[in-house]
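> What follows is a protein structure lacking sequence information:
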């Protein structure tokens, strides 16, 4: 009986360590994904700001051209 309990404890500890390593690895992968998504989001925000500025300039130019006609 004691042997069976010891075997079960060993198996559970092994499984626990395996799962811990698995989840730590997944956690690291998610951190990397978050960093990549944050960089992409910042790049897209910058591009969006640039496009909004260009649109404002084009709209103003179009408006001024219509007034001068």
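Looks like it came in fine. Because the structure is predicted, anything quoted here is derived from the model rather than measured. Numbers count the residues shown, from 1 in each chain.

> burial of residue 36, as a residue count?
Neighbour count for residue 36, taken as other C-beta atoms under 10 Å: 10. Every residue, glycine included, has its C-beta placed from N, CA and C.

> Tell me the secondary structure at it.
Using DSSP: H, G, I helix; E, B strand; the rest coil, the structure places residue 36 in helix.

> For this structure, which segments are assigned as helices?
With helices called from DSSP state H, the chain shows them at 2-68.

> Quick check: the residue nearest the centre of it vs residue 6, distance?
Nearest to the mean C-alpha position of the chain, counting by C-alpha atoms, centre = their mean, stands residue 34 at 2.6 Å. As judged by C-beta to C-beta, to the nearest Å, residue 34 and residue 6 stand 42 Å apart.

> what's the answer for residue 69, then?
Using C-beta to C-beta, one gets 93 Å for the distance from residue 69 to residue 6.

> higher neighbour count, those two?
Neighbour totals were compared for residue 69 and residue 6, and residue 6 leads with 10 against 5 (other C-beta under 10 Å).

> ok, that one to residue 12 distance?
11 Å.

> next one: residue 41
42 Å.

> Same check on residue 1?
For residue 1, the distance to residue 12 equals 17 Å [C-beta to C-beta].

> neighbour count winner among the two?
With neighbours defined as other C-beta under 10 Å, residue 1 and residue 12 compare such that residue 12 has more, 10 against 5.

> which residues sit in contact with the more buried one?
Residue 12 makes no contacts at all, as judged by C-beta atoms under 8 Å, 6 or more residues apart in numbering.

> what is the rounded mean pLDDT of stretch 58-65?
For stretch 58-65, mean pLDDT is 92.

> let me redo that: stretch 19-36
98.

> Renumber starting at 531 from here on
Sure thing, new numbering starts at 531, so read that last one as stretch 549-566.

> list the buried ones in that stretch?
Residues of stretch 549-566 include none that count as buried (16 or more other C-beta atoms under 10 Å).
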